[in-house]
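Asks: Quick one, fold the following:
(chains A and B)
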Amino acid sequence: AQSVTQPDIHITVSEGASLELRCNYSYGATPYLFWYVQSPGQGLQLLLKYFSGDTLVQGIKGFEAEFKRSQSSFNLRKPSVHWSDAAEYFCAVGRIQGAQKLVFGQGTRLTINP
Amino acid sequence: NAGVTQTPKFQVLKTGQSMTLQCAQDMNHEYMSWYRQDPGMGLRLIHYSVGAGITDQGEVPNGYNVSRSTTEDFPLRLLSAAPSQTSVYFCASSYEGYGTGELFFGEGSRLTVL
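Replies: Numbers count the residues shown, from 1 in each chain, chains lettered A, B, ... in the order given. As a prediction, the model looks like this:
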């Protein structure tokens, strides 16, 4: 079945350490790709998106993501995490096979150790 | 700078009761949508609208009703609440088409059905 997969349900990293959150999708053509962040008790906020061009995308709050067509992946990275990055992160895939559709992954909860 | 406003933030219902979750946006966005968020399942689309007078079903529409009489408002009605509708509900709007543009989310409405 076509899907968006975030393999890690929960990740814990130490403050100052690097971070990589994984996202894989199973749709054929290159879709629109998004990462959203949800702080506790809040709605979701867009971190970054990719639809064409340079495969390394810069976002807000020091995040970046890299699109790898051969791996159908769009992993989110940050070189050095801050305690305020503790949140839930959602990958989403849109415009699937040309259709107006958006599918979210299950989310990855990030905990930061001091 | 209101953005997307949802009310109420919390609600407890008994099985069989009806209620309306309100959503309003002040950004003149044509596209609006309702999602429900359940643990381990990400966000699932309930209903969406591409403009006043136009609505369509999403992934999980059963038990919910919507209408869009103005650009600003997109209420979600639960006709006869069931425990399976216990969830956190998010309203979102976008100035671009569904699946291509940034979604702007409200802060959520937590609903418990007893």
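Asks: Chain A contacts on chain B?
Replies: Taking CB under 8 Å from any CB of the partner chain as the contact definition, chain B meets chain A at B:4, B:40-45, B:90, B:92, B:97-100, B:102-103, B:105-108. The C-beta positions use only the backbone N, C-alpha and C, and glycine is treated the same way.
Asks: can you tell me the helix or strand for the residue minimising distance to the centre of chain B?
Replies: With distances taken as CA atoms, centre = their mean, B:W34 lies nearest the centre of chain B, 2.7 Å away. Secondary structure assigned from DSSP states H and E places B:W34 in strand B:31-37.
Asks: In the following helix or strand past that strand, which residues are buried?
Replies: For strand B:31-37, the succeeding helix or strand toward the C-terminus, using DSSP H and E, is strand B:43-51. Buried residues in strand B:43-51, defined by neighbour count with 16 or more other CB atoms under 10 Å in any protein chain shown: B:43-50.
Asks: how much space between B:C23 and A:Y89?
Replies: Remark: distance between B:C23 and A:Y89 (CB to CB, to the nearest Å) = 24 Å.
Asks: nearest residue to B:E107 other than its sequence neighbours?
Replies: A:G43 (5.0 Å; CB to CB, 6 or more residues apart in numbering or on different chains).
Asks: hang on, isn't the one you found packed against B:F90?
Replies: Yes: at 5.8 Å, A:G43 counts as touching B:F90 under the criterion of CB atoms under 8 Å.
Asks: Mutual contacts of these two, please.
Replies: Residues touching both A:G43 and B:F90 by CB atoms under 8 Å, 6 or more residues apart in numbering or on different chains: B:105-106, B:108.
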